[in-house]
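Kindly return the folded structure for what I paste below:
(one chain, ligands or ions: 1)
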Amino acid sequence: MTYECGDALGILPHHPSDLVHRIMDRVRDPDALVPLPRSGELVPLHQALTQHYALHPVSVRFLQAVQEKLPENSSDRSQLEAIMTDPKIRRTYVVERDYVDILSQYPRISWFAEEVTQTMRTLLPRLYSMASSPSVYPAEVHLTVATVRSHIRNRMRGGVASTYLADRLPLNQPILPVYVKASNFRLPSDPSTDTIMVGPGTGIAPFRGFLQERLHTGATGRNWLFFGERRRQYEYLYEDELASMTRWGILTHLDLAFSRDQNEKQYVQHLIEKHGNTIWKWIDKGAHFYVCGDAAHMARDVDNTLVNIVEKHGNKKTDAAREYVRAMRKNKQYQRDVY
Ligand SMILES: Cc1cc2nc3c(=O)[nH]c(=O)nc-3n(C[C@H](O)[C@H](O)[C@H](O)COP(=O)(O)OP(=O)(O)OC[C@H]3O[C@@H](n4cnc5c(N)ncnc54)[C@H](O)[C@@H]3O)c2cc1C
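Coordinates of the predicted model:
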């Protein structure tokens, strides 16, 4: 298996066994063999629930099956009908619930294993940006994983893949199956090109690989990293390594935004704005601008900031600045890996 900086690793996670057993406890035939999603191959229910079927969010098909099994004219049935008929309420309802929630909410309904699994979606792999350079670590892949956990309705919930990696995967055992997802997120082909990397939170992952690669290959271009998190004390990822990279001169500029460390929240886009004039000079000379991490807020805010910088420091009208940034994206001077 080979990879390049910027690629991601696909991982097929396993569910925690307590979640799987809570479902098995609710069916009449927990030892049954059930068909797998695509192949139809028969496997034990335990295996199917652990590795092949998604337990969250609960599917609309399953809620329909519940509805059909509830006694007509019962209050449970009419309540569920009301949820199912309003698409907005239904969407929120399923996102907040998994199969265990629904099976325990209606304890009198009796199920055969296959009745339940045939309403389930396939458990999909999750992607993680490679945080290492294959030139430096040819036989390893490093990942930067944020563990997703939340407390909802009296139960601790965890993201399947991130808690699998953090809690359940035994050390020194191969994670299988994994695959390499090739990406267009790439270092400049000319090693003398400067780079500006914006990677708050786990968005730092590919940039760690980029910096390792540029150090290893002796690339002469300057490198500027913007990193951010909530608190410096707990969430300054790779602090020691970034200090070394700065000492060795490969990281020429490092700007940090820890949003909760002062009264007024500070994010990476604020620092980018602050350095707008210098950033414009770098970009104007061909520096590549990279953004990785949160798509919902950060990437959009950074994108707006970039347009503002081009407008203000490049002396352009708003439309021309937008067109300039669009052209940067088209010719790969501006690349994003956001999720
Ligand atoms: C190209 C790419 C690169 C990426 N790189 C990285 C990276 O470098 N690092 C990184 O950390 N992530 C990265 N991601 C995101 C990663 O793929 C996952 O989406 C992320 O780790 C969450 O996956 P999960 O399986 O842990 O959570 P999921 O199981 O997918 O959970 C999603 C949401 O559902 C909720 N939920 C889950 N189970 C339940 C339940 N039983 N009941 C109620 N709610 C529940 C969770 O609380 C969470 O809010 C990347 C994504 C892409 C597309």
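
In contact with the closest residue to residue 143 other than its chain neighbours, which residues are there?
In space, residue 143 comes closest to residue 128 once its chain neighbours are excluded; the distance is 4.5 Å by C-beta to C-beta, 6 or more residues apart in numbering. From N, CA and C alone the C-beta is placed, and that goes for glycine too. Shown in contact with residue 128 (C-beta atoms under 8 Å, 6 or more residues apart in numbering): 8, 9, 11, 143, 144, 145, 205.

which of those residues tops the neighbour count?
Greatest neighbour count in these, by other C-beta atoms under 10 Å, goes to residue 205: 25 neighbours.

which residues are in contact with the host helix or strand of that residue?
Here residue 205, judged by DSSP states H and E, is contained in helix 205-217. Contact with helix 205-217 is made by 5-6, 128-133, 135-137, 142-144, 185, 187, 191, 195, 197, 199, 219, 221, 223, 225, 238, 241, 245, 248, 250-251, 290, 292, 337, as judged by C-beta under 8 Å, 6+ apart.

how about the residues of this protein that lie near the ligand?
Residues of the chain lying close to the ligand (C-beta under 6 Å from any ligand atom) are 8, 13, 56, 98, 126-129, 144-146, 148, 150, 152, 157, 159-162, 202, 205, 337, 339.

per-residue confidence at the residue in the stretch 151-300 of the chain that the ligand sits nearest to?
At 2.1 Å from the ligand, residue 159 is the closest residue in the stretch 151-300 of the chain, using C-beta to the nearest ligand atom. At residue 159, the model reports a pLDDT of 98.

That one reaches residue 148, doesn't it?
Yes. When contacts are counted by C-beta atoms under 8 Å, residue 159 is listed as touching residue 148 (3.1 Å).

These two: which is more packed in?
residue 159 (18 against 13).

Chain neighbours aside, what residue packs nearest to residue 114?
Going by C-beta to C-beta, 6+ apart, residue 114 has residue 34 as its nearest residue, at 5.1 Å.

Tell me how far whatever residue is furthest in space from the centre of the chain lies from the ligand.
What lies farthest from the middle of the chain is residue 73; by C-alpha atoms, centre = their mean that is 43.3 Å. Per C-beta to the nearest ligand atom, to the nearest Å, residue 73 is found 30 Å from the ligand.

start the count at 781, not 1, going forward
Yes, from this point I'll number from 781; that puts the last item at residue 853.

Let me know the secondary structure of that residue.
Put simply, residue 853 is coil when judged by DSSP: H, G, I helix; E, B strand; the rest coil.

Could you tell me the per-residue confidence at it?
92.

quick one: contacts for it?
Counted by C-beta under 8 Å, 6+ apart, residue 853 has zero contacts.

So this structure: which segments form each domain?
If you go by automatic domain parsing, the domain ranges for the chain are 788-792+906-961, 797-897, 975-1118.

My guess is residue 878 contacts residue 833. True?
No. If you go by C-beta under 8 Å, residue 878 and residue 833 don't touch, sitting 11.3 Å apart.

Between the two, which has more neighbouring residues?
residue 833 (24 against 21).

Is the more buried one bridged to anything, and to what?
residue 902 (DSSP bridges).

who does the host helix or strand of residue 1106 touch, helix- and strand-wise?
Secondary structure from DSSP H and E places residue 1106 in helix 1098-1110. Helices and strands touching helix 1098-1110, by 3 or more C-beta pairs under 8 Å, 6 or more residues apart in numbering; DSSP states H and E, are helix 1078-1093, strand 1114-1118.

Now render these as a markdown table, adding mean pLDDT and distance to residue 1064.
Listed next are these as a markdown table, based on pLDDT from 0 to 100; distance: least, C-beta to C-beta, whole Å:
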| stretch | mean pLDDT | distance to residue 1064 |
| --- | --- | --- |
| helix 1078-1093 | 98 | 9 |
| strand 1114-1118 | 98 | 13 |
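
got CSV for these, with mean neighbour count too?
Below are the helices and strands packed on helix 1098-1110 laid out as CSV (neighbours: other C-beta atoms under 10 Å):
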stretch, mean neighbour count
helix 1078-1093, 19
strand 1114-1118, 19
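
Fine by me, thanks again.
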